[in-house]
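In: compute the structure for the input listed below.
(4 chains)
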Amino acid sequence: MSQNEDLRIGVYVCHCGSNIASVIDPKAVAEFASALPDVVLTNNSLYTCSDAGQRQIQEDIKNHKLNRVVVAACSVRLHEPTFRACVAEAGLNPFLFEMANIREQDTWVHSHEPEGALEKAKDLVASAVAKSRFLTPLDMIKVPVTKTAMVIGGGVAGISSALDLADMGIKTYLVEKEPSIGGRMAQLNKTFPTMDCSI
Amino acid sequence: MQHTDNTPHSFKDEVMAEPGGELLQRCYSCGTCVSMCLVNQTCPDYNPRRTMRMVMLDMREETFRNPTIWHCSACDLCHPHCPQGIHISDLMRAIKNVALRAGYESPLPSAKVDEHKCSGCDICEKACPYGALSLAAKTIDGKERKISQVDRSLCMACGICAAACPLSAITVEDYSNEKVAAQIQAGHWLKKAKSGDPKVLVFNCSWNLRAEADRDAMSELPANVRVVNVPCSGRIDPTFVLTALQAGVARVLVAGCQPGECHYKQGTRIAQGRMHTLNHMFEQMGMDAQRVQFVQIGTEDRGRLPATILDLVAELKSSTVAVA
Amino acid sequence: MAKNNKLKIAIYWAASCGGCDVAVVEIGHNLLKLKEAADILFWPAAMDFKYSDVEAMPDKHIDVCLFNGSVRTSENEHIAKLLRAKSKVMVAFGSCAYEGCIPGLANLYNRGDILTRVYQETPSTENPDGVIPQPHCKVPEGDLDLPEFYESVKPVGMVVPVEYSVPGCPPVASQVWGVLEAIIAGKLPPVGAVLGAGDRNLCEECERVRDGTKVKQFVRPHEVIADPKKCFLEQGIVCSGPATRAGCGRPCIRVGMPCRGCYGPPEGVKDQGAKLLSAIMAVIDPEADVEQLVSQIVDPVGTLYRFSLSDSLLQQIKWQEAEKK
Amino acid sequence: MVDAARHPNITVKSYTEVKRVEGFIGNFKVLVEEKPRYVNMDRCNGCGACSPVCPIEIPNEFEEGIAPRKAIYIPHAQAVPLRYVIDEEACIHCYKCVDACGKLDAIDFSQQPRQEWLDVGSILVATGFDNFDPSVIKEYGFGRYANVITAMELERINNSAGPTAGRIMRPSDSKFPNKISFIQCVGSRDERYNLYCSGFCCMYTIKNAVQWKQTYPDADITIFYMDIRTPSKGYEEFYRRAREMGIRFIQGRPSIITEDPKTGNLFIQAEDVGLGRTIELESEMVILSTAAIPRVDTDAMGSVLNISRSPDGFFMEYHPKLRPVDSPTDGVFLCGAAQSPKDIPASVAQGSAAASRAARILNADEWEIEPIVAMVWEDRCISAQGKKCGICATKCPYGAILVETGKAAMVTAAKCHGCGGCVAECPHNAITQKHFTDAQVISQLHALLRHEPEKKVLAFMCHWCSYGGADNAGTSHFEYPASQRGLRVMCSARMDSDFIFEAFRLGAGVVLVSGCHPQDCHYITGQRVGAERFEKLTKRLVDMGISPQRFRVEWISAAEGAKYAQVIREMDQTLRQIDPQALKEEIERTRPELERRVRRLPEIPDVALALELAKATS
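Out: Prediction:
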């Protein structure tokens, strides 16, 4: 639990080339973050998701004994898995990582309001840092896998995926609404580029 | 080579800032508007696609120098077909407004009001599909009166007002009452061969003939058919029709556009109201209501107008034969 | 009688309601002035004259004849021709004489229809034998002659040439006196003019407010409670004002009725009904259903040609058609 | 087709529909229903004796309605499986087919719909597309002019297995049309119908034209187009070949087609853009290259599978660039034209891609799923104290919570999907959600509102939809005011009333709670749990004296970036319209009641510390 350990938070503010840096000054965000309690290290890099950027995080975890990592960059829908894997490789539980979205939800939508965007970036980082203090290590839940696939739709896409799966040895149900598989393709005369029959 | 300018406050920005000009840049030059455009058919220099292109390339003076930019009558045949949802007539209006501000004027003929005849009754103002007429106080023969005045930049010279004016105080240059009468009379058509085939007079909206084949067919009609082209069926005063019938014409056919396709928005509806009321009156008088016929020709009605006229001629011929 | 230089005037009442004669009386004390300036040689409605008195006059004996009423019967025609011969100036006085007026609407029907209706079909008629009046008939007392009832009604101008017309049903008193004053003063305009009225239309002097509203539907006056301040046409009530000559002083409009059109078409307009139709259909709302609007004018001839049918192009076309048959 | 049917690892379930899907990645249960064929699949040998005796004839959908079929039929000669089927809607039960079938005795009118549950680890959605119906484009006259046909109809007319046995004839008079025109982008690249480019129409048109020209070298063929799009391998070369063969390409979108009623010929009116002039071209037949559109049942299928649609109406991928065959639901993949219009090579490629994405899971012995699940503080649960409660269980869409009075509620982690509805609904704050604990959310709330809270638009977003919508606003660069502060949780169900009270207590100007549209919810009924709560909350906030415009509820899908931006713009506008002094007074006036509402929050583990830290930081 957070209160029992010595928090060491690292904050990485990404430039994302010019995607972020053309609207706000990522250094100013990093400077702001460095003043937040328990933040022991801040960093700016051109692309935090790049190999160099990730290596930096991993080295910092080792060298500076970071136990929380906050990356202010793009959407969690994009790079959360990337950075979780990155910190895990450096021995940190992936759930001790937190992300602030200062690209899709900041610089990309406030390009005409750079000052407001900077203030917002700071708040988003403060929010991620605040959350990170209460993060706890979690283990993934392992579930069994039924080794059967279902393909819905027996057209050209469905048939080819079913054949690929089947060839990989996976039992596959090919479910077709109509009385016959084949879909639209079966209706076609000769098809490009081979100009042969489609069936 | 065309130098283009993409700085803010360029011509393009000015047009786009004008109401109706907003969607300019959506145009991907598919040409749908051009091929739907009736003006383009008779006046190929009027090409809305090219005009939009010229605005996008900030070709200000060249755009204004083209007199055809004033020809769009906002019939809006193109708008429902535009795959980009651009309201082209609004856009053309935006361009015209910028041109007006720059001191350009519409070269089109416009309606003229005879101030002595005008009573300021306001019928024309309500009739005009473009809001080109409005009342203004004016001193005439030492007396201040409210007189109708024409805004030249808005007038499309359709002649709806001229027909509507109960005092015949409005004239549209080429289609004055006298000139229409002269067209009917030309070559003493009415007097010629009184005993010959019954005469058919066609008042035709000039925008009706969209296909080359139709135009050809119209020029090959028999001599007992006379076609008088007017800018709009809304120009047809019922008096014209009655005068022709009284002068011995057997049938008068008024041909307007399909509702919704009228080149001057309202003209065909106005004509419909007038001609159908005439039909009612003929019935009420116990007269042959067939003597006045009104058809509305749509963009899809290839061949319909010449066919209608020829049918009419044939029908008249057979009925005359039967009587004889 | 006519030994002085006083004007010699005749006033006659043909096929009309008599309102025009009343209109003359309506000039009130000006009648005294008229009497001072003119001798009235013939005025059957006011004094006892005989046709023979007129027949006895030399041609062009009368200076001015105010002829009111249209020509419906052979008697009307006969007198019109007689007075024409005896008068220097013939004036079609009032709407009947000028353009056929309400009696002219009878031209929607033919003689047979009218006689059948009047003498056989009306509810108050008792005529078991179905007798229809005839111009000549023998009765035990001898031969009877009645004026012939013509097929249609004509304005007097179609029967004999007239120099002037005074519109109105009836002409309003002030205008009547104005006309008489001009006659007395010998200040008549060129032949063919319309006397006692303006040139333009009624709308020019109408005080009702027009705000540009277009017609969504046509209604008849009894179907709505019209706004007393607003233009009738803008309220969808067909008002003949736009196609009617000014000069009446708008008595109808003032009492809440739209203009009926009795002053005839304005200067330069040939056919009042066609012009009115042209105008009212031009101001229809872009959203309205045209066919519905057309059907809402329930009696188009009676509405648009209320006073001018027998003088209209429409009428002439009908006569032509009838002739051909 | 036949390969698929013969493959030992493939079970073809034809005439079968997916009715319900339960479970999660690696462990789906799918309810399928096989419609009755009224023909016994084992007995029917496809001999075809039944069909000729059937007295019913209805339009054959496989032939695009240009030829008839019987009520007992096979869709086409190469059908797989090659078994007859009776169209129940058309059948009049005359039983002539039964006689014709004779000893085989394959006709079975007693068949009923047959349902079964199938266990699968992954689902691939390849439901395809529909063809745009061009009759709605009045100016092209399809449906009115006999000789205006669709490209699909041409495929059937020009097919040796088709109704004309490959003999090309035009519908009006069965004559061979020598002068034909194709019109591109019918129903696509047209904001009246579909804004997107349908993608493969250029190539199929060129294919049809080339094929025609090869067979009939004298044919006069014109293609009207706006842009010819040939981005894939060999396509541009093929296009060039078509031009070289003498096929006429006219750049210009026809505005109208008229018909000469005497000849049945068609006149196409278009501007030749290159020429800058309007031309009229007479054709004996016109073929419309119609757009591919989302299948009519996309919505129904989407709600069964818990996947949503992009603005174009096709199924939406997880990420347009990086995860183009993944659906937002783990373990469900998209391929073919169900995701967007595609030609055959692209459909095959995507089919393979989806297969490989699915195989990633199916070839693993076990799969790891995120541990973002609910957890009960046993000492806080009143059920453990012998009191009757169980609210948490009623809110769980997965039946993952077991409540027995006398025992603390128990969460089965493998069943829990982590919506957080139970956490927010527990009246005693006895449940938490891992990775989205109260302490974590409240810390974030304080950080976001640390400075001038009264000028902020605080936006709670659900991970799957509204956060995706905000991302979409970002990738589309739809600007909105920077006064917005976003806070992400997994589902609107997790948006606890206490969070909103706390936000207002801190003086937030306006507060947005946003989640998925009900049919898109990632947690079956999570959105509903949230929606019901927000409805009550809206009233309660007003009762407390908070102006109604300060709280807003919006459902925004991951594709609705424009809507997200619009909502934020409107809320910012609303905030600016409130008089600052009045707002300040309202905040002060309502604070005591709000404090009373959240007074028990510090009892939750870590929350007191979070509040303390927040205080220290600000």
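In: which element is the residue nearest to residue C:156 when sequence neighbours are not counted on?
Out: Excluding the flanking residues, the one nearest residue C:156 by C-beta to C-beta, 6 or more residues apart in numbering or on different chains is residue C:97, at 4.4 Å. All C-beta spots, glycine's among them, are computed from the backbone N, C-alpha and C. According to DSSP states H and E, residue C:97 maps onto helix C:95-99.
In: what's the helix-or-strand element of chain B with minimal mean pLDDT packed up against?
Out: Every helix and strand of chain B was ranked by mean pLDDT, DSSP states H and E. The lowest is helix B:304-323, at a mean of 85. Applying 3 or more C-beta pairs under 8 Å, 6 or more residues apart in numbering or on different chains; DSSP states H and E, one finds that helix B:304-323 contacts strand B:200-205, helix B:212-219, strand B:225-230, strand B:251-257, strand B:292-297.
In: if you set the cut-off to 6 Å instead, what comes out?
Out: helix B:212-219, strand B:292-297 (3 or more C-beta pairs under 6 Å, 6 or more residues apart in numbering or on different chains; DSSP states H and E).
In: what about the helix holding residue C:97, average pLDDT?
Out: For helix C:95-99, the mean per-residue pLDDT is 97.
In: now do that helix: distance to the chain's middle.
Out: Put simply, helix C:95-99 sits 3 Å off its chain's centre (C-alpha atoms, centre = their mean, to the nearest Å).
In: contact partners of the helix or strand that it is followed by?
Out: Sequence order places helix C:101-104 as the next helix or strand after helix C:95-99, per DSSP H and E. Contact with helix C:101-104 is made by C:15, C:70, C:95, C:96, C:153, C:169, C:307, C:309, C:310, as judged by C-beta atoms under 6 Å, 6 or more residues apart in numbering or on different chains.
In: let's see 7 Å
Out: Contact partners of helix C:101-104, identified using C-beta atoms under 7 Å, 6 or more residues apart in numbering or on different chains, comprise C:15, C:16, C:70, C:72, C:95, C:96, C:153, C:169, C:307, C:309, C:310.
In: can you report how many residues lie near the first one?
Out: Close neighbours of residue C:15, defined as other C-beta atoms under 10 Å in any protein chain shown, add up to 23.
In: distance of it from chain D?
Out: Applying C-beta to the nearest C-beta, to the nearest Å, the value for residue C:15 to chain D is 56 Å.
In: so what sits opposite that residue in the bridge?
Out: Beta-bridge partners for residue C:15, by DSSP bridges, are residue C:70.
In: and it, what pLDDT?
Out: 95.
In: contact partners for it?
Out: Residue C:15 neighbours (C-beta under 7 Å, 6+ apart): C:69, C:70, C:71, C:72, C:73, C:76, C:96, C:103, C:153.
In: spell out which parts of the stretch 151-300 of chain D neighbour chain B.
Out: D:189-192, D:226, D:252-256, D:258-260, D:267, D:269-271, D:273, D:276-278, D:280 (C-beta under 7 Å from any C-beta of the partner chain).
In: about what we covered before: between the helices and strands packed on helix B:304-323, which gets nearest to residue D:64?
Out: Checking the helices and strands packed on helix B:304-323 against residue D:64 by C-beta to C-beta gives helix B:212-219 as the closest, at 32.4 Å.
In: just want the angle from the closest one to strand B:292-297.
Out: Here helix B:212-219 runs at an angle of 160 degrees relative to strand B:292-297 (axes from the mean of the first three to the mean of the last three C-alpha atoms, to 10 degrees).
In: packing partners for helix B:212-219?
Out: With contacts taken as 3 or more C-beta pairs under 7 Å, 6 or more residues apart in numbering or on different chains; DSSP states H and E, helix B:212-219 sits against helix B:304-323.
In: which of the residues in the helix it packs on are buried?
Out: Along helix B:304-323, these residues count as buried under the neighbour rule (16 or more other C-beta atoms under 10 Å in any protein chain shown): B:304, B:305, B:306, B:308, B:309, B:310, B:312, B:313, B:316.
In: export only the CA atoms of it, formatted as CSV.
Out: What follows is helix B:304-323, C-alpha atoms only, in CSV (Å, rounded to 0.1, in the frame of the first residue of the first chain):
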residue,chain,number,x,y,z
ARG,B,304,-43.0,15.4,-74.7
LEU,B,305,-43.5,19.0,-75.8
PRO,B,306,-43.3,18.5,-79.6
ALA,B,307,-45.3,15.3,-79.2
THR,B,308,-48.0,17.2,-77.2
ILE,B,309,-48.2,19.8,-79.9
LEU,B,310,-48.4,17.3,-82.8
ASP,B,311,-51.1,15.4,-80.9
LEU,B,312,-53.0,18.5,-80.5
VAL,B,313,-52.8,19.3,-84.2
ALA,B,314,-53.8,15.8,-85.2
GLU,B,315,-56.7,15.9,-82.8
LEU,B,316,-57.9,19.2,-84.2
LYS,B,317,-57.6,18.0,-87.7
SER,B,318,-59.7,14.9,-87.1
SER,B,319,-62.4,16.8,-85.2
THR,B,320,-62.6,19.3,-88.0
VAL,B,321,-62.9,16.5,-90.6
ALA,B,322,-65.5,14.9,-88.5
VAL,B,323,-67.5,18.1,-88.3
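In: which residues does the closest residue to residue D:436 other than its chain neighbours contact?
Out: Distances taken as C-beta to C-beta, 6+ apart place residue D:489 nearest to residue D:436, at 5.4 Å, with adjacent residues excluded. Residue D:489 sits next to D:420, D:436, D:441, D:460, D:462, D:495 when contact means C-beta under 7 Å, 6+ apart.
In: likewise for residue B:66?
Out: Contacts of residue B:66 by C-beta under 7 Å, 6+ apart are residue B:45.
In: need phi/psi at it.
Out: phi -80, psi 110 (degrees, to the nearest 10).
In: if we can go back for a sec, in CSV: the contacts of residue C:15, plus distance to residue A:191.
Out: Putting those into CSV (distance: C-beta to C-beta, whole Å) gives the following:
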residue, distance to residue A:191
C:69, 92
C:70, 87
C:71, 89
C:72, 88
C:73, 93
C:76, 93
C:96, 87
C:103, 85
C:153, 84
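In: so residue D:267 touches residue D:258, yeah?
Out: Yes. Using C-beta atoms under 7 Å, residue D:267 is in contact with residue D:258, at 4.9 Å.
In: at which residues are the strands of chain A located?
Out: A:9-14, A:39-45, A:68-73, A:97-101, A:141-144, A:148-152, A:171-175 (DSSP state E).
In: how about the residues of chain D by chain B?
Out: Close to chain B, as judged by C-beta under 7 Å from any C-beta, chain D has residues D:139, D:189-192, D:226, D:252-256, D:258-260, D:267, D:269-271, D:273, D:276-278, D:280.
In: buried among these? Need that as a selection in ChimeraX.
Out: Selecting only the buried entries of the residues of chain D next to chain B in ChimeraX, with 16+ other C-beta under 10 Å as the criterion:
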select /D:139,189,190,226,252,253,254,255,256,258,259,267,269,270,271,273,276,278,280
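In: now the helices: where do they sit in the stretch 201-325 of chain C?
Out: Assignment of helices within the stretch 201-325 of chain C using DSSP state H, counting those that start in this stretch yields the ranges C:251-254, C:272-282, C:290-296, C:300-304, C:313-324.
In: what do you get for chain B?
Out: Taking DSSP state H to define them, one finds helices in chain B at B:11-17, B:32-36, B:38-42, B:48-56, B:60-65, B:88-101, B:123-127, B:160-164, B:177-185, B:212-219, B:238-246, B:267-284, B:304-323.
In: which one, of these, ends up nearest to residue C:135?
Out: helix B:267-284 (29.5 Å).
In: and chain C, is that closest one touching that?
Out: Yes. Using C-beta under 7 Å from any C-beta, helix B:267-284 reaches chain C at B:269, B:270, B:272, B:273, B:274, B:276, B:277, B:280, B:281, B:284.
In: what is that helix packed up against?
Out: Helix B:267-284 is packed against helix B:238-246, strand B:251-257, strand B:292-297, helix C:272-282, helix C:290-296, helix C:300-304, with contacts defined by 3+ C-beta pairs under 7 Å, 6+ apart.
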